[in-house]
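> whatever this is, show me its structure:
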Amino acid sequence: MADRIMEGFLSRQYEAGMQLAGESDLLDLVPLATPPPNRYMAHFTCRGLTRSRSGEIVEANDFAVEIWFPDDYLRSRDPRLPYRVLSWLMPRSIWHPNISNELPLICVGRLTPGTDLVTIIYQVYEIITYNKVTMVETDALNKEACAWARRHLHRFPIDRRPLKRRSLDLSFKLQGK
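Here you go, the predicted structure:
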């Protein structure tokens, strides 16, 4: 890799991403390239929604997205950058306004060059769990899911657990007799 700035960026993303995965019960982060990796599979075991073959909207807990940092990631002015960086992997029956069922597209909103891996992972997690949702059909990748979501606001968020495990400080003082 000739670009030392990009190589440094990728090294920092790897360290931060693996640290987050180590501190999460809901995320498994798999590098898909040699260190420093520019491609990952983020596997989430949080609760989200899918559409069954019968058309029923049901909860599921197995989701995956690919995250790819192209060589021009830090300098790109391409407005399609989010669609180059993120690819929805599974399940294809995902039910969310920000995720297409027909194409491997997920929209996390505005993604600027240099947005870090941990931020992207959190944005994907918030979408899967319906903590973040677009409620305007003209801006949705799945218009039918968008209309459904507006009618079912009482169900959101689907999963309230934090992505990162909370630490507890359990310190005790023994009192003398």
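
> quick one: the residue sitting nearest the centre point of the chain from residue 53, how far?
Nearest to the mean C-alpha position of the chain, counting by C-alpha atoms, centre = their mean, stands residue 124 at 2.0 Å. Counting by C-beta to C-beta, to the nearest Å, the separation of residue 124 from residue 53 is 25 Å. No exception for glycine: its C-beta is placed from N, CA and C like everyone else's.

> same check on residue 30?
29 Å.

> likewise residue 152?
From residue 152 to residue 53 the distance is 20 Å (C-beta to C-beta).

> which of these two has more neighbours?
residue 152 (12 against 6; other C-beta atoms under 10 Å).

> wait, residue 147 sits on residue 137?
Yes - counting by C-beta atoms under 8 Å, residue 147 does reach residue 137; the two are 6.5 Å apart.

> got the confidence number for the nearest residue to residue 129 once chain neighbours are set aside?
Residue nearest to residue 129 in three dimensions, not counting chain neighbours: residue 159, with 4.1 Å by C-beta to C-beta, 6 or more residues apart in numbering. The confidence metric pLDDT takes the value 97 at residue 159.

> now do the same contact list for residue 159.
46-48, 128-130 (C-beta atoms under 8 Å, 6 or more residues apart in numbering).

> from the residues you listed, which ones fall inside helices?
Mapping the contacts of residue 159 onto helices (DSSP state H) picks out residue 128.

> by neighbour count, which of the contacts of residue 159 wins?
Counting by other C-beta under 10 Å, top hit in the contacts of residue 159: residue 128 with 27 neighbours.

> and that residue, what does it touch?
Contact partners of residue 128, counting by C-beta under 8 Å, 6+ apart, are 44, 46, 48, 63, 94, 96, 158-159.

> buried ones in the helix or strand bottoming out on mean pLDDT in the chain?
In the chain, no helix or strand scores lower on mean pLDDT, DSSP states H and E than helix 81-85, which sits at a mean of 87. Applying a neighbour-count criterion of 16 or more other C-beta atoms under 10 Å, one finds 81-83, 85 buried in helix 81-85.

> can I assume residue 156 is in contact with residue 133?
Yes - Residue 156 lies in contact with residue 133 (C-beta under 8 Å); the separation is 6.9 Å.

> grab the longest helix from this protein for me.
helix 4-22.

> torsion angles phi and psi at the spatially closest residue to residue 99 that is not a sequence neighbour?
In space, residue 99 comes closest to residue 106 once its chain neighbours are excluded; the distance is 4.7 Å by C-beta to C-beta, 6+ apart. Taking degrees, to the nearest 10, you get phi -140, psi 130 for the backbone angles of residue 106.

> how many other residues sit next to residue 106?
If we define neighbours as other C-beta under 10 Å, then residue 106 has 24 of them.
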